[in-house]
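K.L.:
from the sequence below, what's the structure:
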Amino acid sequence: MKRLVPILALGLLTLAGCANTAPYGGNVYTGNQAKSAQRVTYGTITALRQVQIQADSRAGGLLGSGGGAVIGGLLGNQVGGGSGRQLATVAGALGGAVAGSKIEESTNRVTAWEIEVRQDNGQNVVIVQKADQPFQVGQRVRIVGSGSTASVVPY
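P.N.:
Here you go, the predicted model:
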């Protein structure tokens, strides 16, 4: 049972640390966008750059640091004896919390496009969205929506 606890904690950390990155894509609409009129403009991609979106953690980063602290503490508790064991447990918990937080942060990162579009009205706009479809400079596109709900889709 003692060996099962770190495995269960790691599994929980892995599953819970995953943020929902679907809304960052150009092919996904939120519930509020469904059945509502969207503004559409047309343009041509003038610049394209691959970037990363750091998605928010569902638990505010607590699962990564908390799960890492538990696992690190359990591993540290296996080292030494007496006060040395206590120090190793504390050091393991602290190190595990830092490592767990970094792991959760990296799993909540998604590859995205920074797409600059020269609209037919002459204005330039930049939209960042999940890289869930291919784009290229010179490609004609539609911009659907406005503000924080805008996405770029092939024309």
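K.L.:
where does pLDDT dip in the chain?
P.N.:
The model of the chain has pLDDT under 70 over residues 1-35, 56-77, 80-81, 85, 89-90, 92-93, 96-108.
K.L.:
80 instead, please
P.N.:
By pLDDT under 80, the weakly predicted segments of the chain are 1-36, 54-109.
K.L.:
for the protein, which segments count as strands?
P.N.:
Using DSSP state E, the strands found in the chain span residues 40-54, 109-119, 124-130, 140-144, 151-154.
K.L.:
quick one: the helices in the chain?
P.N.:
Listed in chain order, the helices of the chain (DSSP state H) span residues 4-16, 62-76, 82-107.
K.L.:
format the strands of the chain as a markdown table; extra columns: mean neighbour count and distance to residue 82.
P.N.:
In this view, the C-beta of every residue, glycine as well, is placed from N, C-alpha and C. As requested, those are exported to a markdown table (neighbours: other C-beta atoms under 10 Å; distance: least, C-beta to C-beta, whole Å):
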| stretch | mean neighbour count | distance to residue 82 |
| --- | --- | --- |
| strand 40-54 | 14 | 43 |
| strand 109-119 | 18 | 42 |
| strand 124-130 | 16 | 52 |
| strand 140-144 | 18 | 65 |
| strand 151-154 | 18 | 60 |
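K.L.:
so residue 110 touches residue 53, yeah?
P.N.:
Yes. Using C-beta atoms under 8 Å as the test, residue 110 is close enough to residue 53 to be in contact (4.9 Å).
K.L.:
please report how far residue 53 lies from residue 46.
P.N.:
Counting by C-beta to C-beta, to the nearest Å, the gap between residue 53 and residue 46 amounts to 21 Å.
K.L.:
no, scratch that, I was asking about residue 52
P.N.:
Note on residue 52: its distance to residue 46, by C-beta to C-beta, is 22 Å.
K.L.:
many thanks, I have nothing further to ask.
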